[in-house]
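**Q** Sequence and predicted structure below; questions after.
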There are 2 protein chains.
Amino acid sequence: MNAGVDGGGATPVGSRRAARRTQTIEEILGLALEIMGEAGAGSLSYAELARRLGVRPPSLYKYFSSVMAIYDELFRRGQRAHRDAVAAAMHEAKPGMDSIRAGFDAAARWTADQPVLAQLLFWRPIPGFEPSPEAFAPSVEMVGLFRTALSQAVDTGELVPAGGSEEALSLLSVLAAGISSQYMANEPGRRWKESRYLPLGRAALDMFQAAYGASTSEP
Amino acid sequence: MNAGVDGGGATPVGSRRAARRTQTIEEILGLALEIMGEAGAGSLSYAELARRLGVRPPSLYKYFSSVMAIYDELFRRGQRAHRDAVAAAMHEAKPGMDSIRAGFDAAARWTADQPVLAQLLFWRPIPGFEPSPEAFAPSVEMVGLFRTALSQAVDTGELVPAGGSEEALSLLSVLAAGISSQYMANEPGRRWKESRYLPLGRAALDMFQAAYGASTSEP
DNA sequence: GTCTATATTATGATAGAC
DNA sequence: GTCTATCATAATATAGAC
């Protein structure tokens, strides 16, 4: 599951050297994000990475077999973190529209908090990089969460039956992508709490509910 | 207005040498798009450009003062072309919602037809590149077109007064960005006529009208 | 695991001959 | 306007000593 050269999952019990290795890997990934944040997602290099880690470039090959392997690991972790953030928010809220709103908010907030990872996940800024198929699994799971929540919102009477359709689900994705995309393009660096896209995300869901909501009077 | 080294606007009357120069510039920009399409928007280089043009890299400096100047010119032209496509579609249609739908459609279609330029305009895939401020003017103009059309839709009674608000305008932008963004990320290369985002764009505007439309019964 | 040394390849940019 | 020659810099990656 892990990318590149690093040897497998959890630290073997009692192995200090493996712990140290894990620590170095974490440090490398952190520095990678730092570099990408400063000079653009596509500007990661072993040379700069080694410079900041205080080693020579060849040493990095002991941890990752190529620059692409680092991108892949960041992508994999990013997808998981994004899904976890959304899932946690949805789980805390009441099933149905509350859960959808919470998840929608959390997705946008995560994007704002992790602009570099968001760029890597949702745009495709690196020419040669194609994430491994398994790395997409969390994204699929997350769509499933929203599908379930929409279905629940229909069951509770918050939405008309059409709200449980795949089209409604797709429109929800479009709204989420639109909010994130506009934020990243127009207000990168702006704090999410002060961004105009925070209230606009709410307004977007109001629009969604105006279209699919069962509150007033639909046939 | 023109980027880089190329000397000013239209071809002076009767100057063959200027015409040839213009032709070369066009060829360079075309090849630049070709390269960016094949290897990613951020992978443009004088070396590859010269290779394809059949000259040596230093010769290119007679036409553009740097690689960034090429990006800037492409950005400038892209913004204009995008605005023109949208404006033409809106102008042909009946003022109000028809015009908005036509413009919305045209924007998405243009994005699908010009994926490389769209990436350059709407995402920021090139680390060091910051487009010149004047290059944004067409984008501002285009938002103005939609603002006017929304206002007309309110006047004709197609939309409730809130449909003329800046919030409604922003939501329209969010929808447009969402459609384009999802298309580019999930179905790059797919023909627009066969893309699932073509009908989804229509559905998005249906949702917009369900929220702001005055057809049924709003206070 | 880290280093030096090296191979290979690429880049942007400039000087100056023609 | 195009070229050769050149400078300066950077990149990924491997071999092999320690």
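**A** Arrived safely, thanks for sending.
**Q** Next, the most centrally placed residue in chain A: phi, psi?
**A** The geometric centre of chain A, computed from its C-alpha atoms, lies nearest to A:H82 (Cα atoms, centre = their mean), at 3.4 Å. When read as degrees, to the nearest 10, the backbone of A:H82 gives phi -60, psi -50.
**Q** same check, this time on A:S165
**A** Its backbone dihedrals place A:S165 at phi -80, psi 160, with angles given as degrees, to the nearest 10.
**Q** Tally up the residues packed near it, please.
**A** Taking other Cβ atoms under 10 Å in any protein chain shown as the neighbour definition, A:S165 ends up with a count of 16. For the C-beta atoms, the positions are set from N, CA and C on the backbone; glycine is no exception.
**Q** tell me the contacts of it?
**A** With contacts taken as Cβ atoms under 8 Å, 6 or more residues apart in numbering or on different chains, A:S165 has no neighbouring residues.
**Q** Would you mind naming what in chain A lies close to chain B?
**A** A:39-40, A:42-43, A:122-128, A:167, A:170-171, A:173-182, A:184-185, A:188, A:196, A:200, A:203-204, A:206-208, A:210-212 (Cβ under 8 Å from any Cβ of the partner chain).
**Q** Of those residues, keep whichever come out buried.
**A** With neighbours counted using 16 or more other Cβ atoms under 10 Å in any protein chain shown, these contain these buried positions: A:40, A:42-43, A:122-126, A:167, A:170-171, A:173-182, A:184, A:200, A:203-204, A:207-208, A:210-212.
**Q** quick one on the thing from earlier: what sits against the residue nearest to the centre of chain A?
**A** A:H82 sits next to A:107, A:110-111, A:114, A:117-118, A:121, A:138-139, A:142 when contact means Cβ under 8 Å, 6+ apart.
**Q** Now flag whichever of these is closest to chain B.
**A** Nearest to chain B, judged by Cβ to the nearest Cβ, of these is A:L121 at 9.1 Å.
**Q** The closest one reaches A:R80, doesn't it?
**A** No. Proximity of A:L121 to A:R80 does not meet the contact threshold set by Cβ atoms under 8 Å, at 10.7 Å.
**Q** between these two, who's got more neighbours?
**A** Between A:L121 and A:R80, counting by other Cβ under 10 Å, A:L121 is the more crowded of the two (24 against 15).
**Q** Could you report the neighbour count for the nearest residue to A:G78 once chain neighbours are set aside?
**A** In space, A:G78 comes closest to A:L117 once its chain neighbours are excluded; the distance is 3.9 Å by Cβ to Cβ, 6 or more residues apart in numbering or on different chains. The local packing of A:L117 (other Cβ under 10 Å) involves 22 other residues.
**Q** how much space between A:L117 and A:R83?
**A** For A:L117, the distance to A:R83 under the criterion Cβ to Cβ, to the nearest Å works out to 12 Å.
**Q** Please apply the same query to A:A153.
**A** 20 Å.
**Q** Over to A:E130?
**A** As defined by Cβ to Cβ, A:E130 lies at a distance of 20 Å from A:R83.
**Q** between these two, which one's more packed in?
**A** It is A:R83, of A:E130 and A:R83, that has more neighbours when counted by other Cβ under 10 Å, with 20 against 13.
**Q** did I read that right, that one in a strand?
**A** No. Checked against DSSP: H, G, I helix; E, B strand; the rest coil, A:R83 lies outside a strand; its state is helix.
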